[in-house]
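# Let me see the structure of the following:
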Amino acid sequence: MGWESMWIWFLFGAVFAEVQAGERLLNSTDGMNVLFIIVDDLRTTLGCYGDAVVKTPNIDQLSSQSVVFQNAYAQQAVCAPSRVSLLTGRRPSTTKLFDFNSYWRVHAGNYSTMPQYFKENGYVTMSVGKVFHPGITGNHSDDYPYSWSIPPYHPSSEKYENQKACKSKDGKLHANLVCPVDVTEVPEATLPDIQSTKEAIRSLHSVKKHNSSFFLAVGYHKPHIPFRYPKEYKKLYPMENLTLAPDPHIPEGLPPVAYNPWMDIREREDVQALNVSFPYGPIPKHFQLLIRQSYFASVSYMDAQVGQLLSALDSLEFTNTTIVVFTSDHGRNRNVVVELVSIFATVSELVGLPVPPDCPESSFHIALCTEGASLVPHFNVSDEDDDELIESVAYSMYPRPSDIPQWNSDRPDLKDIKIMGYSIRTIDYRYTIWVTYNPTNFTPTFQDVHAGELYFVEDDPNQDNNLYNRSMHDALSSKLFAFMRP
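Next up, the predicted model:
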């Protein structure tokens with residue numbers, strides 16, 4: 001989902017984000033390099049976000065010298081659609097990607113990506129680890145050769161992530177959710193993120209040798225499940241020091257269509273052994289603590305990799321000539337609401353490239369345009385002025401196969417999508433409607449509303465009390481329909 005005299009830092013969790021940039025960044029950006037770090041499924045579980053438990057010294061150090069956006073949102077909280085949206089600067093309604101089974105250049109339009117734009121402007125562009133989601137959504141090549149100057153690198157140990165690679169008390173190997181390991185004992189005696197860090201550092205040495213301007217994207221797997229990480233990080237979080245999640249209850253009035261039964265977790269062997277009832281059965285408290293311990297440990301493990309990468313950047317004397325972007329694919333302070341879809345335009349402006357033009361209402365045949373506004377205007381203004389720059393709204397989408405939780409609710413294939421959730425998020429509220437959706441022609445029926453949600457976050461920060469059926473929301477509906485209508 002870590003991101004010093006000169007950095008821009010986006011930290012986007014499933015619903016959160018940060019941005020950082022030094023004062024000098026806006027004054028001199030000629031020939032700036034880009035180090036783009038993308039982390040998988042990172043929440044705001046970071047010290048710089050006020051988390052008092054997790055240990056993330058490298059990310060925290062980076063944040064201390066950067067501009068930080070506190071409210072940034074993914075356009076869809078699923079890996080492949082979110083990454084394609086972020087990297088193309090187009091919303092999921094434009095990329096028409098809601099699952100893992102199509103390549104947007106064929107499926108929707110031959111849209112330029114951020115690394116492609118940099119490559120076409122003289123940069124050496126390189127991909128290490130999980131940047132595009134592996135598979136058909138990147139044409140089984142991570143969009144090479146369009147986006148990258150050289151073939152992307154994937155760590156050889158990546159293939160073991162979801163295999164039976166977790167040694168349990170029975171002495172056998174299992175495909176578990178919780179999986180601390182002795183790295184010397186795993187296949188190849190390494191882990192994917194360790195390999196990616198080494199390859200990224202090697203890439204930095206290579207561009208230093210050849211004196212090339214670079215766009216280097218580095219994708220880390222953790223803290224995405226399974227929690228397979230070096231076991232020494234577990235020692236940072238003694239079980240007796242941990243507490244359960246502060247808000248474990250299902251929100252009052254939550255429509256069943258909005259509930260995620262977390263099937264990707266249920267598929268793991270150690271979770272299956274718990275015999276948790278579907279879909280609302282709670283995970284036993286002892287296992288909840290194991291999950292929290294392993295998530296924190298995975299975040300600290302990832303933070304250490306980021307620290308090594310940034311140290312190499314510094315030792316190679318790239319610090320003053322490199323913009324560092326750190327983002328997750330789906331969580332000086334700025335309270336304005338922003339979106340991941342804005343990263344393309346923002347980074348382009350920061351390095352001095354022309355900002356891609358705004359996309360017209362129909363942009364199917366336009367290769368280079370963006371649906372996200374540059375965030376640079378927010379960097380050197382007061383919070384009061386910041387509120388007046390643009391309307392502070394984020395939009396997102398999420399597909400469902402049914403009105404009630406199903407085995408594929410958290411990740412339906414395109415053909416199985418029957419309902420689409422559309423959300424507006426502002427500083428004050430989140431408003432969501434779930435409407436009938438036709439996956440054949442990608443058409444929502446806004447008149448056929450299955451359910452709705454409305455939460456006022458100042459009084460209800462955890463979004464526990466759904467006020468949709470108790471409020472007048474015609475104005476909100478009109479605002480959402482006007483934006484989302486194809």
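# give me phi/psi at the closest residue to residue 56 other than its chain neighbours?
Nearest residue to residue 56 in three dimensions, chain neighbours excluded: residue 303, at 4.3 Å (Cβ to Cβ, 6 or more residues apart in numbering). Every C-beta, even on glycine, is put in place using the N, C-alpha and C of the backbone. As for residue 303, its main-chain torsions (degrees, to the nearest 10) stand at phi -60, psi -40.
# Verify the contact between residue 63 and residue 50 for me.
No - the criterion here is Cβ atoms under 8 Å, and residue 63 misses it with residue 50 at 11.1 Å.
# more crowded one of those two?
Taking other Cβ atoms under 10 Å, residue 63 and residue 50 do not tie; residue 63 has more neighbours (24 against 8).
# what's the pLDDT at the more buried one?
Residue 63 is assigned 85 on the pLDDT scale.
# From what I see, residue 47 and residue 56 are in contact.
Yes - assessed by Cβ under 8 Å, residue 47 is found in contact with residue 56 at 5.1 Å.
# I'd like the distance between the residue nearest to residue 56 and residue 60.
8 Å (Cβ to Cβ, to the nearest Å).
# Among these two, which residue is more densely surrounded?
residue 303 (27 against 17).
# Could you tell me what pLDDT the model assigned to the more buried one?
Per-residue pLDDT puts residue 303 at 97.
# what's near enough to touch it?
Counting by Cβ atoms under 8 Å, 6 or more residues apart in numbering, residue 303 touches 2, 55-59.
# Mind checking which of those land in strands?
The members of those all map outside strands under DSSP state E.
# Quick check: chain neighbours aside, which residue is closest to the most centrally placed residue in the chain?
Centroid-nearest residue in the chain: residue 329, 1.2 Å away (criterion: Cα atoms, centre = their mean). Leaving aside its sequence neighbours, residue 329 sits nearest to residue 82 (Cβ to Cβ, 6+ apart; 4.6 Å).
# do residue 174 as well
Using Cβ to Cβ, 6+ apart, the nearest residue to residue 174 is residue 269, at 4.5 Å.
# Next, that neighbour: phi, psi?
Here is the backbone geometry of residue 269 (degrees, to the nearest 10): phi -60, psi -40.
# That one contacts residue 172, correct?
No - counting by Cβ under 8 Å, residue 269 does not reach residue 172; the two are 10.0 Å apart.
# ok, those two, which is more surrounded?
It is residue 269, of residue 269 and residue 172, that has more neighbours when counted by other Cβ under 10 Å, with 15 against 9.
# which residues touch that one?
Contact analysis of residue 269 by Cβ under 8 Å, 6+ apart lists 174-176.
# with those in mind, which one is nearest to residue 158?
residue 175 (15.0 Å; Cβ to Cβ).
# ok, the closest one - how many residues close by?
18.
# Hmm, residue 228 and it touching each other?
No - taking contacts as Cβ under 8 Å, residue 175 lies outside contact range of residue 228: 10.0 Å.
# Mind listing the shared neighbours of these two?
If you check residue 175 and residue 228 against Cβ under 8 Å, 6+ apart, the residues they both contact are 165-166.
# hey, where'd the helices end up in the protein?
Counting by DSSP state H, the chain has helices at residues 57-63, 79-88, 92-95, 104-107, 114-120, 192-210, 263-266, 269-272, 285-315, 343-351, 383-386, 474-484.
# which residues touch the closest residue to residue 167 other than its chain neighbours?
Nearest residue to residue 167, sequence neighbours excluded (Cβ to Cβ, 6+ apart): residue 173, at 5.9 Å. Each residue near residue 173 by Cβ under 8 Å, 6+ apart is listed here: 164-167.
# Same check on residue 284?
274, 276.
# what does the one 10 residues further on give?
Residues in contact with residue 294, defined by Cβ under 8 Å, 6+ apart, are 177-180, 227, 229, 234.
# how much space between it and residue 242?
In terms of Cβ to Cβ, residue 294 sits 11 Å off from residue 242.
# Quickly list what's touching both of those two.
Common neighbours of residue 294 and residue 242, counting by Cβ under 8 Å, 6+ apart, are absent.
# Number of residues surrounding residue 407?
Applying other Cβ under 10 Å, we find 14 other residues in the vicinity of residue 407.
# Now do the closest residue to residue 304 other than its chain neighbours against residue 208, distance only.
Excluding its sequence neighbours, the residue lying closest to residue 304 (Cβ to Cβ, 6+ apart) is residue 58, at 7.0 Å. When Cβ to Cβ is applied, the distance between residue 58 and residue 208 equals 21 Å.
# Between those two, which has more neighbouring residues?
Neighbours per residue (other Cβ under 10 Å) separate residue 58 from residue 208, with residue 58 holding more: 21 against 14.
# Between residue 47 and residue 56, point out the one with more neighbours.
For residue 47 versus residue 56, the count of surrounding residues by other Cβ under 10 Å is larger for residue 56: 25 against 18.
# so what's the residue nearest to residue 146 when sequence neighbours are not counted up against?
For residue 146, ignoring the flanking residues on the chain, the nearest one in space by Cβ to Cβ, 6+ apart is residue 116 at 5.2 Å. By Cβ under 8 Å, 6+ apart, the contact list for residue 116 reads 125, 143, 146-147.
# Redo those residues as JSON lines? Include neighbour count.
What follows is the contacts of residue 116, written out as JSON lines (neighbours: other Cβ atoms under 10 Å):
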{"residue": "125", "neighbour count": "26"}
{"residue": "143", "neighbour count": "24"}
{"residue": "146", "neighbour count": "19"}
{"residue": "147", "neighbour count": "26"}
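# Report the helix or strand with the lowest average pLDDT across this protein.
In the chain, the helix or strand scored least confidently by mean pLDDT, DSSP states H and E is helix 383-386, which has a mean of 60.
# wait, residue 144 sits on residue 154?
No - under the criterion of Cβ under 8 Å, residue 144 makes no contact with residue 154, lying 11.4 Å away.
# Quick one: mean pLDDT over stretch 143-163.
Here stretch 143-163 scores 97 as its mean pLDDT.
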